[in-house]
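Visitor: Next one to model:
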Amino acid sequence: MTTEENIWKLLEEVPDPEIPVLSIIDLGVVRTVKVHDSGVLIEITSTYSGCPATDVFIADIKSKLAENNIEGVEVKMKFSPAWTTDWLTENGKKKLKEYGIAPPVNEPDKSILFAKPFVVPCPKCNSKSTKMLSQFGSTACKSLYQCNECSEPFDYFKCLK
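Guide: So this is what the prediction gives:
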């Protein structure tokens, strides 16, 4: 029997195509799972408008459920509320750091003129002495930083609110 609980567990096995150590559950893009007589409805919210991973999310969700003989799957995009890094699970943030990507930190309001820079700790050595090299990292949702202590470059998963 197909249950919502079974489907949530299966979705924990669907990786983010850009950061494969994260599942789509860790990332927080799955909003609802509903089982009904004619199949399953899953609503997801993309991390940002135009994210190239969105089509992959949908295909991978359908593929994972089909592998487990779950038919009649419909995946719908939900645009409101917009995805935020607040939806990352604590486990997801831990996985990011272990993978070498600094998880989001509480950034100051960027609308404040001359806001003080915020500290992004190095995911390798935990030093708080880091600097931004580029506002854009390996994907649009990350910035490139470097640690002043261990000299390692690393991605920072940008805070989106």
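
Visitor: domain assignment for this structure?
Guide: Residue ranges for each domain of the chain read 4-83, 100-157, as given by automatic domain parsing.

Visitor: low-scoring stretches of this structure, by residue?
Guide: Along the chain, segments meeting pLDDT under 70 span 1, 107-117, 161.

Visitor: which stretches of it form strands?
Guide: Assigned by DSSP state E, the chain shows strands spanning 30-36, 39-44, 73-77, 101-102, 130-134, 142-147, 153-157.

Visitor: what's the angle from the longest one to strand 73-77?
Guide: Orientation check (axes from the mean of the first three to the mean of the last three CA atoms, to 10 degrees): strand 30-36 against strand 73-77 gives 150 degrees.

Visitor: And for the longest helix seen in the chain, what's in contact with it?
Guide: Longest helix of the chain, by residue count under DSSP state H: helix 54-67. By CB atoms under 8 Å, 6 or more residues apart in numbering, the surrounding residues in contact with helix 54-67 are 7, 10-11, 13-17, 24, 29, 40, 42, 44, 46, 73, 75, 77. In short, each C-beta sits where N, CA and C put it, glycine included.

Visitor: I am finished for the moment; much appreciated.
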